[in-house]
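1. quick one: sequence plus predicted model below, questions after.
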Amino acid sequence: MTEDSERVVGIDLGTTNSLVGAVSHAQAKLFTDEAGDDMLPSVVGGGPEGGVLIGRSARNRRLLDPRGTVVSVKRSMGQAVRLHVGQRELSPQQVSALILGALLDRAEAALEARPTRAVITVPALFDDSQRQATRDAGEIAGLSVERLVNEPTAAALSYQSGQEQTVLVYDFGGGTFDVSVLEQDEGLLEVATSRGDTALGGGDIDAALLSWALEQLRGERATVTADLAAMTRLSDAVERAKVALSTRSEVRLYEPFLTGEGARAVHLDIAVRRSDLERIAEPFVARTLRCIDSALRDAPGRTDRGRRGERGLGRHHAAYPLRRGSRRAQR
Amino acid sequence: MTDTHDETPAAHVDVPARLDALVQEVRRQGRAGVAAQAAAESCLEEVQRLAALFRDRPAGDPAPAAAPAVQPWLRALLPALDAVSFSAARADRLRQELARPRWWSAFGSRRRQLEEIVAFLRGTEMLRTQLDAALLELGVRVDRDVGVPVDPSRHRVLEVLAARASQRGRVLEVIRPGYFRGEHCIRETEVRAGAEHDRGL
């Protein structure tokens, strides 16, 4: 065993996407694939020749073989079920191990040695059987799982100050939302309470913004929704606009020849203001605030909001200016 | 004939002054040499320091990353490239439609205007061809291949349709072109594919 393979890598084994990284010179660095993408879709499927596909290629082929493709395996962890991967039947641990193996391939390419030790993050609400299943997946992948770290704890570690404080972690992912209250005391971080909404995420805001963009097309809406190519382009444009509105107050969406032919051609040319996005996102943000209220109410021993030092933020969706404003208002 | 070479230099040169000048020049050159040496040594130290940093990096520390295979500017251009592609595809279909004789008879005496429209549509198609060629010069290949087997490393299937036996598992239609730089996928070709199994076509 070389010294490089002794290095402990950190793995975020996500429902939709997974990541792997390591700390070097006190800075975390994510390992990417050859195209520079750090996210690996958490999808495993059968290949056309009977092999196994992991990540993007499995996601790309999913519609051709939906029965033989596993998505969101994280939701099955700890359950005694068998999942179809092409012609094979695998346990959730085995499917997760395949994802872990693909992540280790990336790490190996960057480190020039295959890591054998890892820390893996799990949801704070994972029970014992789900945690054991995650450990088992690591072992099947040839890893010594040094520790399972609660996801909010991993996020809060970035803000550790060494002082006694309360940290609220707001994790607004693509398809799920989690909020956790952590207490830090003498260098120890402990999850006091966690609440979540498994049917709420950035995808909901994307869908609502897409619906709003379609409304702007008025009479052409039916033509656009019936055209898969047009909907694909519009979805991409809307997502780009959403990201751009985190730093700009207005963006313009141009999609010439979105759909239709000749005189019936539909060209998209609309302005999206940050205020439009905030209005569209508001109901979803309100749902996250209700989760926060519930988490704060249930945090043992601390119900006074004013005493809380709100620090941590999870994923990039949390960067919306509206959310920043809402958090200030709630203090 | 008078030999002028019998005159000694000393007869015309102030030797002490010339020697002083030479001493000053040697000193000046010496100072420049010392400065150059110091600069070279400083450079050498910097090179040695960087080499040591690289050599002594912690075990497993990733090597410095190479320039990304897919530059951000290329990703940013994709929507515009898509738009040109869609415009050209529609121009192509419209030009084929206008090639029908009934249009030429319908335009009658305004035939010249129809010719201008067709020329414009042809120009739009050429714009796409020119863009594809320019991208190829930059090492970027545009993929619009139809009829080939679905390759999950380069095709993203967005819809599956019932298909004849010869079209099963193959690309029936390209929804958005794919972009590839060497072995690197910038964006997969988004396609409609023929179902792999009989769906009762």
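-> Okay, I see it. The model shown is predicted, which means the values in this text are computed figures rather than measured ones.
2. could you list the low-confidence segments of the chain?
-> All of this refers to chain A. Applying pLDDT under 70 to chain A picks out residues A:1-6, A:160-162, A:261-263, A:301-331.
3. wait, chain B was what I had in mind.
-> In chain B, residues with pLDDT under 70: B:1-13, B:15-16, B:18-70, B:198-201.
4. got the residue ranges for the helices in it?
-> B:15-55, B:72-98, B:101-107, B:111-137 (DSSP state H).
5. ok, and does the third one reach over to chain A?
-> No: on the criterion Cβ under 8 Å from any Cβ of the partner chain, helix B:101-107 is out of touch with chain A, staying 12.0 Å away. No exception for glycine: its C-beta is placed from N, CA and C like everyone else's.
6. what is that helix packed up against?
-> Secondary-structure packing of helix B:101-107 (3 or more Cβ pairs under 8 Å, 6 or more residues apart in numbering or on different chains; DSSP states H and E): helix B:111-137.
7. mind listing what's buried in the helix it packs on?
-> B:118, B:121, B:124-125, B:128, B:131-132, B:135 (16 or more other Cβ atoms under 10 Å in any protein chain shown).
8. may I have the helix or strand where A:L253 lies as CSV, with CA atoms only?
-> Assessed by DSSP states H and E, A:L253 sits inside strand A:250-259. C-alpha atoms of strand A:250-259 as CSV (Å, rounded to 0.1, in the frame of the first residue of the first chain):
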residue,chain,number,x,y,z
GLU,A,250,-32.3,41.2,-15.1
VAL,A,251,-31.4,38.7,-17.9
ARG,A,252,-32.8,38.3,-21.4
LEU,A,253,-33.8,35.0,-22.9
TYR,A,254,-33.2,34.7,-26.6
GLU,A,255,-34.0,31.5,-28.4
PRO,A,256,-34.6,32.1,-32.1
PHE,A,257,-36.6,29.5,-34.0
LEU,A,258,-37.7,27.9,-30.8
THR,A,259,-40.4,26.0,-32.7
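9. in its sheet, which strands sit next to the helix or strand just after that strand, and in what direction?
-> The helix or strand immediately downstream of strand A:250-259 is strand A:266-273, counting by DSSP H and E. Strand pairing for strand A:266-273, determined by DSSP bridges: strand A:250-259 (antiparallel).
10. closest to A:E164 out of the buried residues of helix B:111-137?
-> B:L135 (57.7 Å; Cβ to Cβ).
11. how far away is the closest one from A:A28?
-> 35 Å (Cβ to Cβ, to the nearest Å).
12. ok, now A:R264?
-> On the measure of Cβ to Cβ, A:R264 and A:A28 end up 52 Å apart.
13. list the contacts for A:C291?
-> A:177, A:179, A:195-197 (Cβ atoms under 8 Å, 6 or more residues apart in numbering or on different chains).
14. for the closest residue to B:R187 other than its chain neighbours, grab the count of nearby residues.
-> Sequence neighbours aside, B:Y179 is the residue nearest to B:R187 in space, at 5.2 Å (criterion: Cβ to Cβ, 6 or more residues apart in numbering or on different chains). B:Y179 is flanked by 23 other residues according to other Cβ atoms under 10 Å in any protein chain shown.
15. so what's B:Y179 bridging to?
-> Those that pair with B:Y179 in a beta bridge, by DSSP bridges, are B:V142, B:R187.
16. buried residues, the helix or strand hosting A:T232. List them.
-> If you go by DSSP H and E, A:T232 is part of helix A:228-244. For helix A:228-244, burial by neighbour count (16+ other Cβ under 10 Å) applies to A:229-234, A:236-239, A:241-242, A:244.
17. now swap in stretch A:44-52 and tell me
-> Going by 16+ other Cβ under 10 Å, stretch A:44-52 has these buried residues: A:44-48, A:52.
18. that stretch near chain B anywhere?
-> Yes: counting by Cβ under 8 Å from any Cβ, contacts between stretch A:44-52 and chain B involve A:47-48.
19. how far does that stretch stretch from one end to the other?
-> This stretch, stretch A:44-52, spans 7 Å end to end (Cα to Cα, to the nearest Å).
20. now that stretch: how far from the chain's centre is it?
-> 25 Å (Cα atoms, centre = their mean, to the nearest Å).
21. hmm, who's touching it?
-> For stretch A:44-52, using Cβ under 8 Å, 6+ apart, the contacting residues are A:53-54, A:57-58, A:61-62, A:65, A:68-70, A:73, A:85-88, A:95, A:98-99, B:149-150, B:152, B:169.
22. now, those residues that are in strands?
-> A:53-54, A:69-70, A:85, A:88 (DSSP state E).
23. near chain B too, which of the residues you listed?
-> A:L53.
24. which one (most neighbours) among the ones in strands among the contacts of stretch A:44-52?
-> A:L53 (26 neighbours).
25. you'd agree it is up against B:P152?
-> Yes: judged on Cβ atoms under 8 Å, A:L53 makes contact with B:P152 at a distance of 5.8 Å.
26. quick revisit: max pairwise distance over the ones in strands among the contacts of stretch A:44-52: which two?
-> That would be A:I54 and A:R88, which, of the ones in strands among the contacts of stretch A:44-52, are the farthest apart (Cβ to Cβ) at 13.2 Å.
27. which non-adjacent residue is nearest B:D82?
-> That would be B:R176: by Cβ to Cβ, 6+ apart, it lies 5.8 Å from B:D82.
28. re earlier: just the contacts of A:C291 now: which is nearest A:P115?
-> A:G196 (30.1 Å).
29. give me the spatial nearest neighbour of the closest one, chain neighbours excluded.
-> Nearest non-adjacent residue to A:G196 (Cβ to Cβ, 6+ apart): A:D178, at 4.0 Å.
30. show the buried residues in the contacts of A:C291.
-> A:177, A:179, A:195-197.
31. make CSV out of the contacts of A:C291 and add secondary structure.
-> Output for these, formatted as CSV (DSSP: H, G, I helix; E, B strand; the rest coil):
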residue, secondary structure
A:F177, strand
A:V179, strand
A:R195, strand
A:G196, strand
A:D197, strand
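32. nearest to chain B among those residues?
-> Chain B has its nearest neighbour among the contacts of A:C291 in A:F177, at 27.5 Å by Cβ to the nearest Cβ.
33. quick one: that closest one from A:I11, how far?
-> 22 Å.
34. if we can go back for a sec, quick one: common contacting residues for A:L53 and B:P152?
-> A:47, A:61.
35. spit out the contact partners of the nearest residue to B:L136 once chain neighbours are set aside.
-> Spatial nearest neighbour of B:L136, chain neighbours left out: B:V142 (7.8 Å); criterion: Cβ to Cβ, 6+ apart. Contact analysis of B:V142 by Cβ under 8 Å, 6+ apart lists B:81, B:85, B:132, B:135-136, B:177-179.
36. phi and psi next, for A:A265.
-> phi -60, psi 140 (degrees, to the nearest 10).
37. just give me the neighbour total for it.
-> 17.
38. one more: A:P300?
-> 9.
39. which helix or which strand is home to it?
-> Assigned by DSSP H and E, A:P300 falls outside every helix and strand.
40. that one contacts A:V181, correct?
-> No: with contact defined as Cβ under 8 Å, A:P300 does not count as touching A:V181 (9.3 Å).
41. distance-wise, check the residue nearest to the spatial centre of chain A relative to A:R240.
-> Centrality entry for chain A: nearest residue to the mean C-alpha point is A:G173, 4.4 Å, by Cα atoms, centre = their mean. Applying Cβ to Cβ, the value for A:G173 to A:R240 is 19 Å.
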